[in-house]
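K.L.:
Sequence first, predicted model second:
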Amino acid sequence: MTFNIIKIYSIRFKLIASLIVVSLLIGLISILVGGNLLYKSVLEEANNRIRQDLNVARVIYDERAYSVCLALEVAAASGTEFKNGALTYEQEPLLAGLVNELVNMLQLDFAGITDLHGRVIVKYGYTSAKNSSPPETTNPFVLSVLKNNNKIAGTSVMEHNKLLEENPLLVNRADIKDVTITQKNASSSDALSTQHRTALTIGSAVPIIYEGETAGVIYGGFLINKETEIVDKIGETVFKNEIYKKRNVGTATIFYNNLRIATSVKDSSGKRALGTFASDEVTSRVLKQGEMWTNRAKVLDDWYITAYEPITDIMGKRVGMLYVGVLEAKYLDLRTKAIAIFSGITLTGVVIAIILGWLFTGRIMSPVSHLIRASAEISQGNLSPDIGAISKDDIGQLQEKFLLMTQALQEREKRQKAESEIRLIQSEKQASIGKLAAGVAHEINNPLTAVLTFTHMILRRKDLDCEVRSDLETVATQTERVRNIVKSLLDFSRQTEISTEPTDVNQLIEKSVKLMENQALIKGVNLIFKSDKNLPLFLLDRNQCTSVFINMIINALDATSSGGKIKIETQGCTINNNNGVEIEISDTGSGILPENIGKIFDPFFTTKEVGAGTGLGLSVSAGIIQRHGGTIKVHSKLNIGTTFTIWIPHKLLNDFIKSDNSKEVLI
Amino acid sequence: MKVLVVDDDLIVIKSCCKVLEAEGIEIESANTVELGEALLLNKAFDLMLTDIKMPGQDGFEMIKCAKQIRPDMPILMMTGYLTSDTISNIRRLGVKNYISKPFTPEELIKSVKTALNSFT
Ligand SMILES: Nc1ncnc2c1ncn2[C@@H]1O[C@H](COP(=O)(O)OP(=O)(O)O)[C@@H](O)[C@H]1O
Ligand SMILES: [Mg+2]
């Protein structure tokens, strides 16, 4: 029973386990595929956004130059200082005021005015030495205006000497300490140091026109190096200064070549990460090939989704890069969140699977466990066990079949009970009859002996009256009849044991046939014996078997009228793997009424007239054959004939040698 | 010719006397084994005819006794209830001949003759 419960549960656990596996698999796949897909699309989205952000940054960046240009144009067009024709050095004090005003208004790093040949009249931060001839400017914006005779606004590189010339204070601003210099090899340190003293500037220069003639050039601009306004404005405008884990989500950087000269990227201590370099890949793609570059990239210690584009100077030369980036961690977080949600869903799925599996198997297994309990009950002998309600599914079919089986079992048991009851009654009947017969026989046989002998002794006398003799003969025959009845009773009661010896079956039958041949001849019935010559010796009780054969032949003779035939046939035969001999006694006689077929083996059943049959022959014969381990069967057709088939198993002679002792008995 | 008949039932003894005396055979009888034994010790018999089932000592005792006293004397066993057991028991005691009760005079005479012949 416990075994069965374990089995039930193992099915339950198997089902639950497979449900769990399925939900885990689905969950895992959705985590892997869904998580990644989500991450990818988010990343793509981020890439798209960063490109737009870069455009905005670019606008902010360019706007700085345009605003300067606009202010310069206004000044050039409206300044009363410029109403005197070509500008000369003499007008310096007047113009210096204007320049100062502009510087203050636009927060310029450098500004000035030159004459139409590029000679500096006013320069912010400089008080001119009046005696010396005015120097020619080296400012790239002014040079561009002088060359093209048109206003200019944009980016330009200003080397150390130009800065120095413009305003010595600017040199310090331009100087960016290389934080990576210790990591670089010594040979490149010279090149780097010049680079570090060079500044990237945003500026503008506008020609001053007086009556259609160029009177001079006014210019101004900023240093981008160490500048914070642009990058911070980008951070503010584009990224709304969003903070993620104490970091700015959005960052912007301006590169001179590949050197960070202005940035909102801050290191762990909160200092701006100036003086570091862009990666080689970015440098080559953006600066050398002029492409826009969008990808995830490591900036300092964090991963960013970044976009770079080149900055070209007013001469059309790529001199730097503009960069914006968002912390990837923010998007990664999205993925982690998604995975967490998926995991949660998967876990819920597993829990549901367990609960469902449990309930489900409960429903499935309850009829099955009912059946198992029922079969256990059946094996313990209860043939009408409770199998529970019939369910409507496949299990229901099983239950119905089971029910049919139990019904069949019940019927079989009923039948067997009936059979064994019949058998019991029969054997009880036989036993009591046997006891009675033995007692009676002994008591009767002695007086019968006297009656028989005395009657016959009287009949020997020659002087008897005819009538007396006839009466005496009646006494003699009736006594003989009594003797036969008692003999049958004794035969019947004697069938308790057999004493067997190795016997040639054919020879035994031959003898019985010989004994009956005369009677058959008298009746005009043909008695034939056909023997199977290849039979082994059988262990038989010769006396009892002979009485069986004689009984059979007498019955056949009684049933067969003159001209009929009685055939006895032996044949080696195997039943249920047991070797044996089949003895068939068939006649062409009256046959047996179907309603009598079941009764002919009953003791005292006879259809013969009173005195002709005792009804014990077949009963005794069947008993004898049974005690030899054999069977006896009858097959009969009314008016056509009857066949009795006796089968006797071949027991090993060894058994006999062990158990018996009387070998020299003759038949 | 002298025959000893042992049977507890006197009517059987009487019947045997009737038949065998008519054949000129001299009969002595006993209705118990003890009596039969005494007779055997005192006289010589050509044949002993004995019943099996008797109160007290039975026919098998009688046969054993007779075999001791007169091993050469033929014995004919008679019984009203013949079984295979009985046959094998008397055979073990050295007795081959038996006759079932009831019998006709002819059957008895034939059996007695057979028994006598089987020993000569
Ligand atoms: N060969 C047979 N042909 C027809 N009926 C038979 C045959 N053998 C037996 N019977 C029937 O079986 C009955 C019982 O047979 P049995 O037991 O030998 O008793 P009895 O021969 O004394 O009647 C017979 O009375 C007869 O009706
Ligand atoms: Mg019969």
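P.N.:
Received, thanks. Ligands and ions are numbered 1, 2, ... in the order given.
K.L.:
in the chain, what spans have low per-residue confidence?
P.N.:
Unless you meant another one, I'm taking chain A. Applying pLDDT under 70 to chain A flags residues A:1-9, A:84, A:127-134, A:177-196, A:419-431, A:434, A:494-497, A:652-667.
K.L.:
right idea, wrong chain: chain B
P.N.:
For chain B, applying pLDDT under 70 flags the ranges B:119-120.
K.L.:
For chain A, what's its nearest residue on it.
P.N.:
In chain B, the residue that lies nearest chain A is residue B:80 (3.2 Å; CB to the nearest CB). For the C-beta atoms, the positions are set from N, CA and C on the backbone; glycine is no exception.
K.L.:
list the contacts for the closest residue to that residue other than its chain neighbours?
P.N.:
Counting by CB to CB, 6 or more residues apart in numbering or on different chains, the nearest residue to residue B:80 once its immediate chain neighbours are dropped is residue A:445, at 3.2 Å. With contacts defined as CB atoms under 8 Å, 6 or more residues apart in numbering or on different chains, the neighbours of residue A:445 are A:486, B:80-81, B:100-102.
K.L.:
same deal with residue A:594?
P.N.:
Counting by CB under 8 Å, 6+ apart, the residues that residue A:594 touches are residue A:638.
K.L.:
can you list the domains in chain A?
P.N.:
A:81-223, A:501-658 (automatic domain parsing).
K.L.:
distance between the last one and the chain's centre?
P.N.:
In terms of CA atoms, centre = their mean, to the nearest Å, the centre of domain A:501-658 is found 68 Å from the chain centre.
K.L.:
Residues of chain B that sit close to chain A?
P.N.:
Neighbours of chain A within chain B, by CB under 8 Å from any CB of the partner chain: B:9, B:11-12, B:14-16, B:18-19, B:22, B:53, B:80-85, B:88, B:91, B:100-106, B:108.
K.L.:
thinking again about what came up before, okay, and which of the contacts of residue A:445 map to strands?
P.N.:
When DSSP state E defines the strands, the subset of those inside them is residue B:100.
K.L.:
ok, of the contacts of residue A:445, which one's closest to ligand 2?
P.N.:
The shortest approach to ligand 2 among the contacts of residue A:445 belongs to residue A:486, at 15.9 Å (CB to the ion).
K.L.:
Tell me which residues touch that closest one, please.
P.N.:
Counting by CB under 8 Å, 6+ apart, residue A:486 touches A:437, A:440-441, A:444-445, A:448.
K.L.:
Counting neighbours, which of those end up buried?
P.N.:
Buried members of the contacts of residue A:486, counted by 16 or more other CB atoms under 10 Å in any protein chain shown: A:437, A:441, A:444-445, A:448.
K.L.:
ok, so what distance separates the nearest residue to residue B:70 once chain neighbours are set aside from ligand 2?
P.N.:
Distances taken as CB to CB, 6+ apart place residue B:40 nearest to residue B:70, at 6.3 Å, with adjacent residues excluded. Per CB to the ion, to the nearest Å, residue B:40 is found 44 Å from ligand 2.
K.L.:
Now a ChimeraX select for only the buried ones of the residues of chain B next to chain A.
P.N.:
Buried residues within the residues of chain B next to chain A, by 16+ other CB under 10 Å, are selected in ChimeraX with:
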select /B:9,11,12,14,15,16,18,19,80,81,82,83,84,91,100,101,102,103,104,105,108
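K.L.:
just the helices in chain B please.
P.N.:
B:10-22, B:33-42, B:59-69, B:84-92, B:105-117 (DSSP state H).
K.L.:
Which one of the residues in the stretch 401-550 of chain A is closest to ligand 2?
P.N.:
For the stretch 401-550 of chain A, CB to the ion, closest residue to ligand 2: residue A:488, 8.9 Å.
K.L.:
For the spatially most central residue of chain B, give the beta-bridge partners.
P.N.:
Residue closest to the mean C-alpha point of chain B, counted by CA atoms, centre = their mean, is residue B:49 at 1.3 Å. Taking DSSP bridges as the rule, residue B:49 bridges to residue B:5, residue B:76.
K.L.:
In contact with it, which residues?
P.N.:
By CB under 8 Å, 6+ apart, residue B:49 lies in contact with B:3-6, B:16, B:75-76, B:78, B:112.
K.L.:
closest one to ligand 2 among the domains of chain A?
P.N.:
domain A:501-658 (3.0 Å).
K.L.:
Report whether the closest one contacts ligand 2.
P.N.:
Yes. Using CB under 5 Å from the ion, domain A:501-658 reaches ligand 2 at A:555, A:617.
K.L.:
Pick out the residue of chain B closest to ligand 1.
P.N.:
Across chain B, no residue is closer to ligand 1 than residue B:100, which sits at 20.0 Å (CB to the nearest ligand atom).
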